[in-house]
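predicted model and sequence follow; I will ask about them next.
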Amino acid sequence: MKLDDFLTPDEQQRIVAAIAEAERKTSGEIRVHITPRCEGDPLEQAREVFAQLEMYKTRQRNGILLFLAFESRKFAIVGDEGIDRVVPDDYWDSERDTLVGFLKRGEAARGIEGVINSFGEKLKAHFPIEADDTDELSNEISYAE
Ligand code: CA
Ligand code: CA
């Protein structure tokens, strides 16, 4: 499967816009990483990507990574310790399951935008936007080599 069959360029741009929109209300930071394949455990892989992208470099440790291995159909979410501490234990799993439901119906873009919105709401509740907010982590999608 090609990337464009998973998400069209247009849909990829909509996702970047959804991240920017979500981050208007919170100091939290959201990133999406897309790779074709994932061998092994997607959560483990996602944690590696989180570290490679230096997503721990937020002042309040409130970065969230959505990891999508579209060919392998493996998906994972990593929330940094600041946000992980304040969400219910099953929050990340339930968001991932919601997303998988959309993906099974071939609605990848809608599903991804949906979880980004949900992340934004969660982050806003615990980390409201501050006057001196900066974009600590790029809103652009990260693509595997
Ligand atoms: Ca920010
Ligand atoms: Ca950002």
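Arrived safely. Keep in mind the model is a prediction, meaning the values are calculated, not measured. Ligands and ions are numbered 1, 2, ... in the order given.

just give me the neighbour total for Thr98.
Using other CB atoms under 10 Å, Thr98 is surrounded by 14 other residues. For the C-beta atoms, the positions are set from N, CA and C on the backbone; glycine is no exception.

so how far is the lengthiest helix in the chain from its chain's centroid?
Ordering each helix of the chain by length in residues (DSSP state H) puts helix 108-126 first. Put simply, helix 108-126 sits 8 Å off its chain's centre (CA atoms, centre = their mean, to the nearest Å).

how about it and ligand 2, touching?
No. Judged by CB under 5 Å from the ion, helix 108-126 and ligand 2 are separated, with a smallest distance of 11.0 Å.

how about that helix: buried residues?
Within helix 108-126, the residues that qualify as buried are 108-109, 111-116, 118-120, 122-124, 126, counting by 16 or more other CB atoms under 10 Å.

for the residue nearest the centre of the chain, which three-state class applies?
Nearest residue to the geometric centre of the chain (CA atoms, centre = their mean): Leu66, 2.8 Å. Taking DSSP: H, G, I helix; E, B strand; the rest coil as the rule, one finds Leu66 in the strand state.

the longest helix of the chain - contacts with which helices or strands?
helix 9-23, strand 29-35, strand 63-69, helix 81-84, helix 91-104 (3 or more CB pairs under 8 Å, 6 or more residues apart in numbering; DSSP states H and E).

for these, which one ends up most surrounded?
strand 63-69 (a mean of 24; mean count of other CB atoms under 10 Å).

I'd like the next helix or strand past that strand.
strand 74-79 (DSSP states H and E).

before we move on, the earlier item: indicate which one of the helices and strands packed on helix 108-126 is closest to Ile141.
With CB to CB as the criterion, Ile141 lies closest to strand 29-35 of the helices and strands packed on helix 108-126, at 4.9 Å.
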